[in-house]
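Novice: here's my sequence, what's the structure:
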Amino acid sequence: MEAAENFAATPVSFGLHSRQALRLCFFLFAAIVLLALAASLLFAKGYWLATFADLLQVTIVSAAAVIALQNCKRSQSFARGFWFTILVGASMWVASLLLWAAYEIVLQRPVPEIPFSDMLLFLKLVPFTAAVALQPKKPQDARFRTFGILDVTILMLFSLYLYAYFVYAYHLLPDGRDLYNFQFNIADAIGHQVFVWAAAFALLRSRGSWRYLFWAYFLAAAFYAVGSDLCNVAIDLNRYYSGSPYDVPLSASSAALLCVAVLGRAIIRDQKPVAAADAAPETDVVPAKRDVFLSSHAAMLVTLCIPVLGLWLLSGNPRASQLFTFRLEITFLTIFLLLLLLSIKEDLLTTSLVISLKHLSDTYSSIDRLKNYLIQGGKLASLGELVAHVANQIKSAMTRILDFSACIVAHPSSEPRIHAMAGKITQYARRTDSLVENMLRFAQETPLQLTSVEIKPLLESALQLSRIGSLPNLQVSLSQEGVCPNVRGDSSQLLHVFLQLIANAADALEQVEKGEFRISIHAVSNQLHIQFADSGPGLQHPERVFEPFYTTKPVGKGTGLGLSTCYGILQQHQGEILCRNRAEGGALFTVILPAVISSEAATKDVSSAVVEGAL
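Specialist: Got it, this is the predicted structure:
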């Protein structure tokens with residue numbers, strides 16, 4: 001009980017499901033081992049003991065395979081490849097156990113030497129070993145996961161080749177039984193050692209929640225290596241029977257594998273709420289250094305080894321022609337299959353590189369655009385500061401000039417000529433003051449007074465205040481599609497924007513004999529789009545119309561700050577303004593403003609979110 005509490009004393013980052021799974025795994029492992037040990041000591045050798053031992057291992061390993069399949073479906077990144085390879089290894093183990101149980105339970109016959117069963121026992125170590133090389137705790141792209149699966153396939157093919165070359169080949173010889181058993185024991189022992197060392201390496205590198213899983217994985221590898229080697233020796237000495245004490249380490253190994261699957265399911269369940277909340281990932285998930293793709297390097301090494309073995313076979317003097325022919329055939333077959341797998345991997349790698357280069361090109365283009373935006377923004381900011389400083393100085397001077405000219409006009413002894421000159425001074429001072437107001441708007445020195453604004457009445461006021469309605473042979477229209485929400489903005493600033501756009505349209509329509517000017521309002525999602533379309537000559541350089549001091553109007557009529565000011569005002573309102581030339585002629589300006597969500601709609605959205613969260 002104290003050991004269970006120690007196992008449960010996990011870090012704070014360890015989730016509730018993982019802590020519960022640790023307790024469950026500790027008692028599950030202890031119960032299975034004690035049950036197998038008690039059965040081997042209390043029951044005599046016979047049919048019922050063999051039935052109990054076979055069904056116990058089949059049930060445990062099958063449960064581990066089923067949970068591994070569920071983990072594979074629920075996990076992401078390389079963790080999915082990790083659980084897939086464990087599923088493959090557990091499936092091979094289950095197949096060999098079912099074949100063994102079929103002879104002992106169903107046929108009630110001694111299990112013969114079946115090379116296919118031996119092959120499954122040997123090959124299942126490959127996916128179990130390769131699983132840790134896939135680095136399940138490291139987030140990766142799906143393409144890299146595909147490469148990892150292909151590398152594991154290459155390793156399994158190479159292991160099958162080695163088994164056929166050094167072990168199964170002797171089974172074809174008439175007097176090669178003893179040599180076959182000896183070679184199989186050596187190959188199996190080497191596979192066990194590789195499995196144990198791979199699990200130990202993964203355990204040393206693991207951190208956080210994955211460390212407990214790899215502890216169970218290491219125990220599974222260690223118990224299986226010890227138990228399988230003991231069983232091989234006992235079979236050669238005719239001392240083995242199903243349910244004997246030699247089976248206890250194998251039962252412990254299958255129990256540890258089941259604990260691996262259970263802990264993995266708990267880790268996945270604990271990680272899902274973190275991902276949903278968009279929280280920061282655990283520190284153990286992101287490696288401190290760039291890891292090496294061990295499976296890729298191993299696959300490359302074994303691919304080079306097969307031609308070397310083929311050359312060594314051809315350079316030797318075979319003592320048995322049947323053995324030589326079989327080895328040569330499987331060497332050529334393996335080389336062909338490896339070339340096929342490498343071609344598939346090269347094709348996937350080429351496609352991945354093309355996609356990566358495209359993404360990289362798009363990223364560089366985005367960086368260039370962002371750089372240009374930042375440069376332009378810096379220029380506008382510097383220009384805005386300069387404009388604001390100059391405008392304030394001019395405004396102060398114009399105020400004094402207006403005061404002095406008012407004093408001159410109010411003076412009773414002044415001559416009429418002086419009164420007329422003072423009136424002109426006042427008129428030009430006011431025009432200068434109006435220009436300064438535009439400059440201050442461009443510099444965004446005028447604070448906003450945000451309220452809920454209905455756009456259509458504001459546009460109607462702008463049309464009434466403008467001179468566009470007095471132009472001859474001009475058709476002006478204002479339309480609204482459906483019910484449009486209000487926007488949150490400064491009505492005076494927005495009125496200035498609309499007056500500026502209408503004034504520009506009026507200047508353009510003066511050049512045509514018969515024109516049309518249409519304003520349309522429509523809602524798009526959570527935005528309000530306002531379009532100003534005219535049938536004038538269009539824009540000469542649409543990409544430059546929002547640049548400061550850019551104008552196509554004659555000298556003295558335009559300052560080039562009108563549309564720049566509109567751009568700045570809409571930026572303050574979290575909106576934007578777009579322009580283009582119409583296909584049928586004329587210019588089209590589109591003002592986009594964020595809509596105000598009514599309290600009723602907001603309450604409905606919040607209620608829907610609460611209901612969805614509850615479901």
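Novice: rest of the way, CA atoms for contacts and neighbours
Specialist: Noted.
Novice: separation between L203 and L250?
Specialist: 21 Å (Cα to Cα, to the nearest Å).
Novice: same deal with V390?
Specialist: For V390, the distance to L250 - Cα to Cα - is 88 Å.
Novice: likewise for M92?
Specialist: 15 Å.
Novice: try V545
Specialist: 79 Å.
Novice: more neighbours: which of V390 and L250?
Specialist: Between V390 and L250, L250 has the larger neighbour count (other Cα atoms under 10 Å), namely 25 against 15.
Novice: what's near enough to touch that one?
Specialist: 223-224, 227-228 (Cα atoms under 8 Å, 6 or more residues apart in numbering).
Novice: out of these, who has the most neighbours?
Specialist: Y224 (24 neighbours).
Novice: now do that residue, the pLDDT please.
Specialist: Looking at Y224, its pLDDT stands at 88.
Novice: that one belongs to a strand, doesn't it?
Specialist: No. Per DSSP: H, G, I helix; E, B strand; the rest coil, Y224 lies outside any strand segment and is helix.
Novice: would you map the strands across this protein?
Specialist: Using DSSP state E, the strands of the chain run over residues 451-453, 474-480, 487-489, 515-524, 527-534, 576-581, 587-594.
Novice: got those as a markdown table, with mean neighbour count and distance to I425 columns?
Specialist: Putting the strands of the chain into a markdown table (neighbours: other Cα atoms under 10 Å; distance: least, Cα to Cα, whole Å) gives the following:
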| stretch | mean neighbour count | distance to I425 |
| --- | --- | --- |
| strand 451-453 | 15 | 38 |
| strand 474-480 | 14 | 36 |
| strand 487-489 | 22 | 36 |
| strand 515-524 | 18 | 37 |
| strand 527-534 | 22 | 37 |
| strand 576-581 | 18 | 37 |
| strand 587-594 | 21 | 37 |
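Novice: wait, what's in contact with I519?
Specialist: With Cα under 8 Å, 6+ apart, I519 has these contacts: 477-479, 530-533.
Novice: show the residue spans covered by the helices in the stretch 401-550 of the chain.
Specialist: Ranges of helices in the stretch 401-550 of the chain, per DSSP state H, counting those that start in this stretch, are 416-442, 455-465, 491-509.
Novice: and among these, the most buried is which?
Specialist: Among those, helix 491-509 has the highest mean neighbour count (mean count of other Cα atoms under 10 Å), at a mean of 19.
Novice: okay, the angle between that helix and strand 587-594?
Specialist: 170 degrees (axes from the mean of the first three to the mean of the last three Cα atoms, to 10 degrees).
Novice: CA atoms only: put helix 491-509 into CSV for me.
Specialist: Output in CSV follows, covering the C-alpha atoms of helix 491-509 (Å, rounded to 0.1, in the frame of the first residue of the first chain):
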residue,chain,number,x,y,z
SER,A,491,-20.0,60.4,-35.9
SER,A,492,-18.2,63.6,-36.7
GLN,A,493,-15.1,61.8,-37.9
LEU,A,494,-17.1,59.3,-40.0
LEU,A,495,-19.1,62.2,-41.4
HIS,A,496,-15.8,63.8,-42.5
VAL,A,497,-14.8,60.5,-44.2
PHE,A,498,-18.1,60.3,-46.1
LEU,A,499,-17.9,64.0,-47.1
GLN,A,500,-14.4,63.5,-48.4
LEU,A,501,-15.4,60.5,-50.5
ILE,A,502,-18.5,62.2,-51.8
ALA,A,503,-16.5,65.3,-52.7
ASN,A,504,-13.9,63.3,-54.6
ALA,A,505,-16.8,61.6,-56.5
ALA,A,506,-18.3,65.0,-57.3
ASP,A,507,-14.9,66.3,-58.6
ALA,A,508,-14.6,63.2,-60.8
LEU,A,509,-18.2,63.4,-62.1
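Novice: which other helices and strands does it contact?
Specialist: helix 455-465, strand 515-524, strand 527-534, helix 562-572 (3 or more Cα pairs under 8 Å, 6 or more residues apart in numbering; DSSP states H and E).
Novice: tell me the mean pLDDT over the last one?
Specialist: This predicted structure assigns helix 562-572 an average pLDDT of 80.
Novice: tell me which residues in that helix are buried?
Specialist: 562-570 (16 or more other Cα atoms under 10 Å).
Novice: nearest to L55 among the residues you listed?
Specialist: L570 (74.6 Å; Cα to Cα).
Novice: can you pull the contacts of the residue lying closest to that closest one once chain neighbours are set aside?
Specialist: Nearest non-adjacent residue to L570, counting by Cα to Cα, 6 or more residues apart in numbering: E576, 5.5 Å away. By Cα under 8 Å, 6+ apart, the residues touching E576 are 567, 570, 591-593.
Novice: hey, what's E576 bridged with?
Specialist: I592 (DSSP bridges).
Novice: quick one on the thing from earlier: in CSV, list the contacts of I519 along with distance to M156 and pLDDT.
Specialist: Shown next, in CSV, are the contacts of I519 (distance: Cα to Cα, whole Å; pLDDT from 0 to 100):
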residue, distance to M156, pLDDT
S477, 75, 88
L478, 73, 90
S479, 71, 90
I530, 65, 92
Q531, 65, 92
F532, 68, 93
A533, 68, 91
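Novice: look up how far A200 lies from the nearest residue to H496 once chain neighbours are set aside.
Specialist: The spatially closest residue to H496, leaving aside those adjacent along the chain, is C566, at 7.8 Å (Cα to Cα, 6+ apart). According to Cα to Cα, C566 and A200 sit 67 Å apart.
Novice: on that earlier part again, which among the contacts of I519 gets closest to R488?
Specialist: I530 (14.6 Å).
Novice: surely that closest one meets S520?
Specialist: Yes. Using Cα atoms under 8 Å, I530 is in contact with S520, at 5.8 Å.
Novice: what is the burial count for S466?
Specialist: Neighbour number of S466 under other Cα under 10 Å is 15.
Novice: mind checking how far it is from P115?
Specialist: 96 Å.
Novice: can you check L56 too?
Specialist: 24 Å.
Novice: between the two, which is the more surrounded one?
Specialist: L56 (18 against 15).
Novice: can you pull the pLDDT of the more buried one?
Specialist: For L56, the predicted pLDDT is 89.
Novice: for G536, grab the count of nearby residues.
Specialist: Neighbours of G536 (other Cα under 10 Å): 24.
Novice: isn't it up against L509?
Specialist: Yes. Contact status for G536 versus L509: in contact at 5.0 Å, counting by Cα under 8 Å.
Novice: return every residue with contacts to both of those two.
Specialist: G515.
Novice: low-scoring stretches of the stretch 351-500 of the chain, by residue?
Specialist: 369, 372-373, 376-384, 387, 412-414, 431, 434-435, 437-448 (pLDDT under 70).
Novice: kindly report the same for the stretch 51-200 of the chain.
Specialist: Looking at the stretch 51-200 of the chain by pLDDT under 70, you get 76-78, 112-113, 133-149, 152.
Novice: swap the cut-off to 80 and go again
Specialist: Where the stretch 51-200 of the chain drops to pLDDT under 80, the residues are 75-81, 108-123, 126, 130-160, 162-185, 187-188.
Novice: same deal with the stretch 501-615 of the chain?
Specialist: Looking at the stretch 501-615 of the chain by pLDDT under 80, you get 510-513, 540-565, 568, 597-615.
Novice: dihedrals phi and psi, G176?
Specialist: Here is the backbone geometry of G176 (degrees, to the nearest 10): phi -100, psi 20.
Novice: and the nearest residue to it once chain neighbours are set aside, how far from F182?
Specialist: Ranked by Cα to Cα, 6+ apart and with sequence neighbours excluded, the top spatial neighbour of G176 is Y170, at 5.2 Å. Going from Y170 to F182 by Cα to Cα gives 10 Å.
Novice: ok, these two, which is more surrounded?
Specialist: Set Y170 next to F182 and count neighbours by other Cα under 10 Å: Y170 wins out with 21 against 15.
Novice: how about the contacts made by that one?
Specialist: 176-177, 179-180, 323.
Novice: of those - the most surrounded one?
Specialist: Y180 (20 neighbours).
Novice: how close does the nearest residue in space to it that is not next to it in sequence sit to S366?
Specialist: In space, and not counting its chain neighbours, Y180 is closest to Y170: 5.2 Å by Cα to Cα, 6+ apart. Computed as Cα to Cα, the Y170 to S366 distance reads 64 Å.
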